[in-house]
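Q: Could you look at this predicted model? Sequence included:
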Amino acid sequence: MTALPFFVANRPVQGTGPTFVSTNPATGAANYEVSAASAADVDAAVTAARDAVRSARWRNLRPHERARIIARIADGMEAHAQELADIQMRENGKVMAECRTQVSSAIATYRYFAAVCETLGSDVTPSRGDYVSMTVHEPVGVVAAITPWNSPLTMEAQKVAPALAAGNAIIVKPSEVTPTAAILVARIAAEAGLPAGILNVVTGLGTDTGVALVRHPGVRMVSFTGGTETGRAIGRICADRLIPAALELGGKSPNIVFEDADLDAAVTGVIGGIFEGSGQSCVAGSRLFVQRSVYAEFVARLKTATEALGVGLPTQAGVKMGPLASFPHRDRVERMVEDARKEGGDIIAGGTRPGAPELADGAFYMPTLIAGLTNASGAARQEIFGPVLVLLSFDDEADVVAQANDTVYGLACGIWTADYRRAWRVARAIEAGTVWINTYKQLSIATPFGGFKESGIGREKGISGVRLYQQSKGIYWDMGPLVPPFMDTEDAMKGGSK
Ligand code: NAD
């Protein structure tokens, strides 16, 4: 079997690293063998990107011309929408409806950043002398975008589209679990007229290809989404190299139900918040806090709804939860549930693989509810990244704010209450980058997204999502008599000396 090539400078490339196999987690069947980029291949990709980002063909494009290419990428993705959804489903096992939604979301991301590209300007700043002072925003150069397996299409779009709008060249290193959607998008971009070398994809393991990319001296910024420990390792290298790192990391988000909430809506929101995508979502509401007065009633309803969730093959209509994205990950989730049991957890739903024979070869795990633990338990502190919800209770507002914030993470939070003043107070008191009130997991590409604390550094999406990939430059343009200032003159000191 010939390994699938990756894509550099608008051409397929057979890597010289050891190949790896992509596996369908729903069936256990091998999808294909994939080529891996060695350090030498990474070097070739970075060289191509560096040449391309400096070339007049890309540098001199007017914003509307760059925007047109980005919008054409969206058109091309629309034409290949089903193929993109099929790739994601084959590689990470998400149900088809969710794959289709994520393709649409990725397309919308390109359209949004095409529009932002047309509208972003430079600033004329207040001058303190006889000159015009401006702030212009320039690309950082070559950006390495390293992404996880849970939502490759949307995660990659959230990095590539703004980085292109900002004028950079990009090298995407997708997860080895979901290696090929990025390759198809890069092909589409080439057909859309993107100059060679501006969008490149190198596949391979994080510890080989990923590390080679982060360490490469030609890479001027790393944009990473993935686990907190990987982010920390990448951040250390970036600190050493003195290059910026944007880090979107893990979470252990609280979903809080007050006694006055609409409990039907809250059950639906809590279920979707944790079990959509089989819990493999950075913003998954994986710690449930229910006010003690309604705890028993709410948990009974939640158990009924959890046990009614359709678990099955991602191609089947009506299925809400497919497999986990890989067998090692399923085994890890299973071990973490066992650990929770050992620390006194009461598994009130799930806690097993499904019994259905047609699912026996896939990486499935039943939606799981664990009661009887405290917020200090391992299950409540560690990111499980699977369909596992830890059920906790609280007495009052102060108690739940303290418990919800007692975590190293700070990605998201849900609040269910009929009291809008309380919703506001709690939303402001929670240490998280995103808060949902009487809803969960609603996201807009126009709203900056990122984590507090160990959930990350930097904000993707929105206008700040483009600025993330730019560096500002101050330009002073003298308008007075042609006498250069000296630092001992009063005029020159007005702006502060350097
Ligand atoms: P991961 O950290 O294992 O891998 C992410 C990417 O980094 C992959 O492409 C991998 O090959 C690469 N990588 C691994 N080690 C590397 C290294 N030493 N140097 C360079 N690259 C390396 O994460 P994962 O298991 O793919 O994804 C799950 C994690 O991602 C979860 O923790 C989840 O919370 C997080 N996540 C965060 C967000 C967010 O926006 N905050 C979104 C999705 C997923």
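A: That came in fine, so what should we check first? Numbers count the residues shown, from 1 in each chain.

Q: quick one: the nearest residue to A446 once chain neighbours are set aside from H64, how far?
A: With CB to CB, 6 or more residues apart in numbering as the criterion, A446 has its nearest non-adjacent residue at 5.4 Å, and that residue is G462. Heads up, the C-betas are built off the backbone N, CA and C, glycines and all. Using CB to CB, to the nearest Å, one obtains 21 Å as the distance from G462 to H64.

Q: who's more crowded, the two?
A: Summary of the neighbour comparison: G462 and H64, criterion other CB atoms under 10 Å, with G462 having more neighbours (18 against 10).

Q: Give the helix, strand or coil label for the more buried one.
A: When classified by DSSP: H, G, I helix; E, B strand; the rest coil, G462 comes out as coil.

Q: So which bits of the stretch 151-300 of the chain are right by the ligand?
A: Proximity of the stretch 151-300 of the chain to the ligand, by CB under 6 Å from any ligand atom, involves residues 173-176, 205-207, 210-211, 214, 225-227, 230, 233-234, 248-251, 282.

Q: Tell me how this protein divides into domains.
A: With automatic domain parsing serving as the domain definition, the record reports that the chain contains domains spanning 6-248+468-474, 254-437.

Q: for the stretch 1-150 of the chain, what spans make up the helices?
A: 39-54, 56-59, 63-79, 81-92, 96-119 (DSSP state H, counting those that start in this stretch).

Q: for the last one, what is the average pLDDT?
A: The average of the pLDDT scores along helix 96-119 is 98.

Q: ranges for the helices of the stretch 201-350 of the chain?
A: Along the stretch 201-350 of the chain, counting by DSSP H, counting those that start in this stretch, helices occupy 211-215, 228-241, 263-275, 292-307, 327-342.

Q: quick one: which of those helices is nearest V132?
A: Within the helices of the stretch 201-350 of the chain, the stretch nearest V132 is helix 228-241; the backing value is 34.9 Å (CB to CB).

Q: where's the closest residue to T109 other than its chain neighbours relative to Q82, distance?
A: Setting aside the residues directly before and after it, T109 is nearest to A157 in space (CB to CB, 6+ apart), at 4.0 Å. For A157, the distance to Q82 equals 17 Å [CB to CB].

Q: A114 now?
A: Applying CB to CB, one obtains 23 Å for the distance of A114 from Q82.

Q: out of these two, which sits in the more crowded spot?
A: Relative neighbour count places A114 above the other of A114 and Q82, with 23 against 12, counting by other CB under 10 Å.

Q: ok, that one - contacts?
A: The contact partners of A114, taken as CB atoms under 8 Å, 6 or more residues apart in numbering, are A67, R68, I70, A71, A74, A161, A165.

Q: Recalculate using a threshold of 7 Å.
A: With contact set as CB atoms under 7 Å, 6 or more residues apart in numbering, A114 has these partners: A67, I70, A71, A74.

Q: Can I get these in CSV including pLDDT, distance to the ligand and neighbour count?
A: Converted to CSV, the contacts of A114 look like this (pLDDT from 0 to 100; distance: CB to the nearest ligand atom, whole Å; neighbours: other CB atoms under 10 Å):
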residue, pLDDT, distance to the ligand, neighbour count
A67, 98, 25, 21
I70, 98, 22, 26
A71, 98, 25, 18
A74, 98, 21, 21
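
Q: and of these, the nearest to W416?
A: Closest to W416 out of the contacts of A114 is A74 (35.3 Å), distances taken as CB to CB.

Q: now the residue lying closest to L392 once chain neighbours are set aside, which residues is it bridged with?
A: The shortest distance from L392 to any residue other than its chain neighbours is 5.1 Å, reached at F289 (CB to CB, 6+ apart). Applying DSSP bridges to F289 gives these bridge partners: I256, L392.

Q: Isn't F289 up against F258?
A: No - taking contact to mean CB atoms under 7 Å, the distance of 9.2 Å between F289 and F258 leaves them out of contact.

Q: residues in contact with the closest residue to I463 other than its chain neighbours?
A: In this structure, I463 finds its nearest non-sequential neighbour in V116, 6.0 Å apart by CB to CB, 6+ apart. Applying CB under 7 Å, 6+ apart, one finds that V116 lies in contact with A165, I463, V466.

Q: Confidence-wise, which of those comes last?
A: Sorting those by pLDDT puts I463 at the bottom of the list (94).

Q: and that residue, how many residues sit next to it?
A: In terms of burial, I463 registers 14 neighbours under the definition other CB under 10 Å.

Q: Over to T109?
A: T109 has 26 neighbouring residues, counting by other CB under 10 Å.

Q: do A189 as well
A: With other CB under 10 Å as criterion, A189 counts 26.

Q: For stretch 378-387, measure first residue to last.
A: According to CA to CA, to the nearest Å, stretch 378-387 extends 16 Å from its N-terminal end residue to its C-terminal end residue.

Q: now swap in stretch 338-348 and tell me
A: Criterion CA to CA; first-to-last residue distance in stretch 338-348 is 13 Å.

Q: ok now it, how far from the chain's centre?
A: What separates the centre of stretch 338-348 from the centre of its chain is 30 Å, taken as CA atoms, centre = their mean, to the nearest Å.

Q: buried sites along it?
A: By 16 or more other CB atoms under 10 Å, the buried positions in stretch 338-348 come out as A340, E343, G345, I347, I348.

Q: Name the surrounding residues that touch stretch 285-298.
A: The set of residues that contact stretch 285-298 without belonging to it, under CB under 7 Å, 6+ apart, is 252-259, 263, 270, 273-274, 279, 299, 380, 384, 388-395, 400, 403-404, 414, 440.

Q: Return a selection command, for use in ChimeraX, containing the buried ones of those.
A: What follows is the ChimeraX syntax for the buried subset of the contacts of stretch 285-298, where burial is set by 16+ other CB under 10 Å:
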select :252,253,254,255,256,257,258,263,270,273,274,279,299,380,384,388,389,390,391,392,393,394,400,403,404,414,440
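
Q: Can you add mean pLDDT and give the helices of the stretch 201-350 of the chain back as CSV?
A: Converted to CSV, those look like this (pLDDT from 0 to 100):
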stretch, mean pLDDT
helix 211-215, 98
helix 228-241, 98
helix 263-275, 98
helix 292-307, 98
helix 327-342, 98
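
Q: burial of the residue of the stretch 251-400 of the chain found nearest the ligand, as a residue count?
A: For the stretch 251-400 of the chain, the residue positioned closest to the ligand under CB to the nearest ligand atom is C282, at a distance of 3.0 Å. Under the neighbour criterion other CB under 10 Å, C282 is assigned a count of 25.

Q: Could I get the buried residue list for stretch 145-154?
A: In stretch 145-154, residues buried by neighbour count (16+ other CB under 10 Å) are A145, I146, T147, P148, W149, N150, S151, P152, L153, T154.

Q: what bits of this protein have low per-residue confidence?
A: Scanning the chain with the threshold set as pLDDT under 70 gives 1, 483-485, 487-498.

Q: rewinding a little: make JSON lines out of the domains of the chain and add distance to G458.
A: Compiled in JSON lines, the domains of the chain are given as follows (distance: least, CB to CB, whole Å):
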{"stretch": "domain 6-248+468-474", "distance to G458": "4"}
{"stretch": "domain 254-437", "distance to G458": "10"}
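
Q: and F449, which of these is closest to it?
A: Closest of the domains of the chain to F449 is domain 254-437, at 6.3 Å (criterion: CB to CB).

Q: picking that back up, which of the residues of the stretch 151-300 of the chain next to the ligand are buried, as a PyMOL select command?
A: Command for PyMOL that selects the buried part of these, burial taken from 16+ other CB under 10 Å:
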select buried, resi 173+174+175+176+205+206+210+211+214+225+226+227+230+233+234+248+249+250+251+282
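
Q: Please narrow the residues of the stretch 151-300 of the chain next to the ligand to those residing in strands.
A: Among these, the ones falling in strands (DSSP state E) are K173, T225, E248.

Q: No more questions from me, cheers.
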